[in-house]
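Asker: sequence plus the predicted model coming up.
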Number of protein chains: 2
Amino acid sequence: MALRVVSRSEPSTAADRCAREILETVPLVMRVVRAEMRRQGALVVSVPQFRALAFVERHPGASLAGVAEHLGVTAPTASTIVDRLVRRRLVGRVPDPAERRRVALTLTPAGGRLFARMRSKARRHVAMRLAGASAADLRKVAGALAVLDRLFREETGIIG
Amino acid sequence: MALRVVSRSEPSTAADRCAREILETVPLVMRVVRAEMRRQGALVVSVPQFRALAFVERHPGASLAGVAEHLGVTAPTASTIVDRLVRRRLVGRVPDPAERRRVALTLTPAGGRLFARMRSKARRHVAMRLAGASAADLRKVAGALAVLDRLFREETGIIG
DNA sequence: CCTAACTATTAGATGACCTAAGTATAAACC
DNA sequence: GGTTTATACTTAGGTCATCTAATAGTTAGG
């Protein structure tokens, strides 16, 4: 024990260094994307609302609990998020005939269009940033993303 | 023009594919980290508050405008964020004697301790995730982060 | 000086998030 | 079959982040 007191203040594992870099760069990327979207006035709905749209598009007839789990938020939070989407006619919410305590959520045509537009705009923003990268760099990034995805993907679910 | 109508719906550039993956994985990583922090009760202050602490630690005597620019928010937003930190005795806010419309912000000892604790906790969380990666994977990730950092770093500043 | 520019705050709004408490429906169990 | 328990969602009340618009105090320029 007493022999391992050297430089406790500066962790030097490769994983530790990589962790610092992740906590530096990953939030930066998201902030820049969000900022560019906002600057263009392309943030027509909030980020959680957008994620809810994405989930409902992929899971037509989804329940509120499904949205809540996918967003990693509590049921009341999901309820109000969906409620704003419903009030803007982007999502339809009808009671499920088989399970009448459930609601079945669907994208309205307007909701589908808005979602597609926002998503392609975000992708175009990122792609424009990537225009300044070489093909080799792009391959590096893609490979690293696969690694990160694998490491962070598990346990998508409960947030508590 | 009319000759380029093929598959407009599916962009296939390498940069486009990479952009899709970035928009998939990068938010995932951040959400997982935030969720783990919250689960451990380690989110003692909010993310913007934490970022404000980080800025003031690195720039003692910073002004409110400095915090606002670093956070990418408006002055009123920065004001309330700093205000909560001041009320919790994590940040000191005194009028700058030379420029009496400015305030000089500093970390209190408690603020410094709390910031250091939160940061190391976040790093440890990420490092634990990375424990399941090979050394080669870590090198890949680090290299990709450097690329992303370069591509997204510029234009840190104005958001509005 | 006195106005123009700048720094910070206050006021008022929307939205995300939480916990706790309700309502309604389904399942389960005597 | 009726009561109890569990499930799905909503409502109520609170904190925090965020915006724009308006305000107060300070400095600088003409």
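Answerer: Looks like it came in fine. Numbering: from 1, shown residues only, chains lettered A, B, ... in the order given.
Asker: once you drop chain neighbours, what's closest to the residue of chain A found nearest chain B?
Answerer: Using CB to the nearest CB, the single residue of chain A nearest to chain B is A:A144, 3.2 Å away. Heads up, the C-betas are built off the backbone N, CA and C, glycines and all. Excluding the flanking residues, the one nearest A:A144 by CB to CB, 6 or more residues apart in numbering or on different chains is B:A144, at 3.2 Å.
Asker: what about the residue of chain A closest to chain B, which helix or strand?
Answerer: helix A:135-153 (DSSP states H and E).
Asker: for that helix, buried residues please.
Answerer: Under the neighbour-count criterion of 16 or more other CB atoms under 10 Å in any protein chain shown, helix A:135-153 has A:D137, A:L138, A:K140, A:V141, A:A142, A:A144, A:L145, A:V147, A:L148, A:L151, A:F152 buried.
Asker: convert it to CSV, retaining C-alpha atoms only.
Answerer: What follows is helix A:135-153, C-alpha atoms only, in CSV (Å, rounded to 0.1, in the frame of the first residue of the first chain):
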residue,chain,number,x,y,z
ALA,A,135,-10.8,9.6,-46.1
ALA,A,136,-8.4,8.0,-43.6
ASP,A,137,-9.6,10.3,-40.8
LEU,A,138,-13.2,9.4,-41.6
ARG,A,139,-12.3,5.7,-41.4
LYS,A,140,-10.6,6.3,-38.1
VAL,A,141,-13.6,8.1,-36.7
ALA,A,142,-16.0,5.4,-37.9
GLY,A,143,-14.0,2.7,-36.4
ALA,A,144,-13.7,4.5,-33.1
LEU,A,145,-17.5,5.2,-33.0
ALA,A,146,-18.1,1.4,-33.4
VAL,A,147,-15.9,0.8,-30.4
LEU,A,148,-17.6,3.5,-28.3
ASP,A,149,-21.0,2.2,-29.4
ARG,A,150,-20.2,-1.3,-28.3
LEU,A,151,-18.8,-0.1,-24.9
PHE,A,152,-21.7,2.3,-24.1
ARG,A,153,-24.6,0.6,-25.8
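Asker: quick check, the residue nearest to A:A144 in contact with A:G143.
Answerer: Yes: with contact defined as CB atoms under 8 Å, B:A144 reaches A:G143; the gap is 7.0 Å.
Asker: which positions in stretch A:92-99 come out as buried?
Answerer: Quick answer for stretch A:92-99 (16+ other CB under 10 Å): A:G92.
Asker: same check on stretch A:16-33?
Answerer: Of the residues in stretch A:16-33, those buried (16+ other CB under 10 Å) are A:16-23, A:25-33.
Asker: the longest helix along chain A and chain B, any residue contact?
Answerer: As assigned by DSSP state H, the longest helix anywhere in chain A is helix A:14-39. Yes: using CB under 8 Å from any CB of the partner chain, helix A:14-39 reaches chain B at A:14-33, A:35, A:38-39.
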